[in-house]
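[1] Attaching a predicted model along with its sequence, questions to come.
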Amino acid sequence: MKLSDFDFDLPKSLIAQYPSSSRTDSRLLVLRDIVVDSTFSQLGNFLKPNDLLVLNDTKVIAARLFGNKDSGGKVEVLVERLINDHEALVMIKSSRSPKIGSYVILENKSRFKICDKTDGIYKVDFELNSILNVLNEIGHIPLPPYINREDSKEDQSRYQTVYAKNNGAVAAPTAGLHFDEMLLSNLENQGISHTFVTLHVGAGTFQPVKVEDIESHKMHSEYYEISTETINKIELAKALGGRIIAVGTTAVRALESASVNGRLKHHMGDTDIFIYPGFKFQIVDAMITNFHLPK
């Protein structure tokens, strides 16, 4: 299976650089026996009672930082994963790689120590500073590479799902951006419920596939959690004849990673699952997803 099989022409004019005024005004293309062109506010017309939406409740952190090495050179930092309140894995862009044991001084004069480096990812220690406090003060939302503008204050709320709860993602699970509270409530009134998984979208989501044989591609790993409560809701929906509708590829990834012979298991940990044509889905019946870039 070749990477070129997944190439297509995507005019730049079709990539929105700013969100619509209302989340549910986004266009919706429905693929079933026929192709239907609709809007996201009409999603309930294509679902049925007892269907269950599975949403990813990860919350995007302001993971992009700017500063200087203690030797003076400028750096751009992307927090890839929070380890605890003081330690993180980060990517650092600079003219020369910082040395182990050196420090990076950030815009608010807080700093972190370079502790280790593996495969281009640095383990750093913010020591006396809480990472989240630093990010909340001076961090920038890391917009996707196809958004060709600087981040704005509006992005702090609009590049976040309305149900985002658990800090840790460096990119939004974008399929969920089109839901608002009213749509979720209307769907509930139609007998279409929802539940949550958590998968912290990592910086690897921005990386293109570089091998022509896609089966040779090594997919990045991401941390995810599936609770017993979510498993119970999924099992009940299936027992009632409902479909499991994953909202976004991140929800698909979490659900299929936690499946053992078609049964979900409570899980907290990493997944590097790679789903491509030929994959046998055990849990997910349908998916809501944004359009993806070529290749």
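    Happy to help now that I have it. Numbering: from 1, shown residues only.
[2] From now on I want contacts and neighbour counts done on CA atoms only, so please keep to that.
    Noted.
[3] What segments of the stretch 1-150 of the chain are helices?
    Using DSSP state H, counting those that start in this stretch, the helices of the stretch 1-150 of the chain run over residues 131-138.
[4] Got phi/psi on Lys238?
    Main-chain dihedrals, Lys238, degrees, to the nearest 10: phi -60, psi -40.
[5] Repeat that for Ala164.
    Per-residue torsions, Ala164: phi -60, psi 130 (degrees, to the nearest 10).
[6] give me every residue that touches it.
    56-60 (Cα atoms under 8 Å, 6 or more residues apart in numbering).
[7] how about a cut-off of 7 Å?
    57-59 (Cα atoms under 7 Å, 6 or more residues apart in numbering).
[8] could the residues you listed go into a markdown table alongside distance to Gly269?
    Shown next, in a markdown table, are the contacts of Ala164 (distance: Cα to Cα, whole Å):
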| residue | distance to Gly269 |
| --- | --- |
| Asp57 | 16 |
| Thr58 | 14 |
| Lys59 | 17 |
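[9] Of those - the most surrounded one?
    Highest neighbour count within the contacts of Ala164: Thr58, with 27 neighbours (other Cα atoms under 10 Å).
[10] so what's Met194 bridging to?
    Heads up, residue 194 is His, not Met. Leu53 (DSSP bridges).
[11] That one: how many residues sit nearby?
    Neighbour tally, His194, other Cα under 10 Å: 21.
[12] so what's it up against?
    So His194 contacts 52-54 (Cα under 7 Å, 6+ apart).
[13] now those in TSV, with neighbour count, pLDDT and distance to Val209?
    Below are those laid out as TSV (neighbours: other Cα atoms under 10 Å; pLDDT from 0 to 100; distance: Cα to Cα, whole Å):
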residue	neighbour count	pLDDT	distance to Val209
Leu52	25	99	32
Leu53	25	99	29
Val54	26	99	27
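[14] and of those residues, the nearest to Thr39?
    Leu53 (17.6 Å; Cα to Cα).
[15] shouldn't the closest one be in contact with Gly242?
    No: Leu53 is not in contact with Gly242 according to Cα atoms under 7 Å; the separation is 10.1 Å.
[16] so where does Thr250 fall, helix or strand?
    helix 249-257 (DSSP states H and E).
[17] What helices and strands are in contact with that helix?
    Helices and strands in packing contact with helix 249-257 are listed as strand 52-56, strand 193-199; criterion 3 or more Cα pairs under 7 Å, 6 or more residues apart in numbering; DSSP states H and E.
[18] can you rerun that using 10 Å?
    On a contact count with 3 or more Cα pairs under 10 Å, 6 or more residues apart in numbering; DSSP states H and E, helix 249-257 meets strand 52-56, strand 193-199, strand 222-226, strand 244-247, strand 263-264, strand 267-271, strand 286-288.
[19] where do the contact lists of Leu53 and Gly242 overlap?
    Applying Cα atoms under 10 Å, 6 or more residues apart in numbering, one finds that Leu53 and Gly242 are jointly contacted by 47, 192, 234.
[20] Show me which of the residues you listed are buried.
    Listed as buried from the shared contacts of Leu53 and Gly242 are 47, 192, 234; burial here means 16 or more other Cα atoms under 10 Å.
[21] and those residues as a markdown table, adding pLDDT and distance to Lys117?
    Output for those, formatted as a markdown table (pLDDT from 0 to 100; distance: Cα to Cα, whole Å):
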| residue | pLDDT | distance to Lys117 |
| --- | --- | --- |
| Leu47 | 98 | 47 |
| Ile192 | 99 | 46 |
| Ile234 | 98 | 40 |
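[22] Show me the protein divided up by domain.
    As assigned by automatic domain parsing, the chain contains the domains 3-60+156-288, 64-138.
[23] Would you mind measuring the gap between the ends of the shortest one?
    Going back to what we said before, that points to domain 64-138. 9 Å (Cα to Cα, to the nearest Å).
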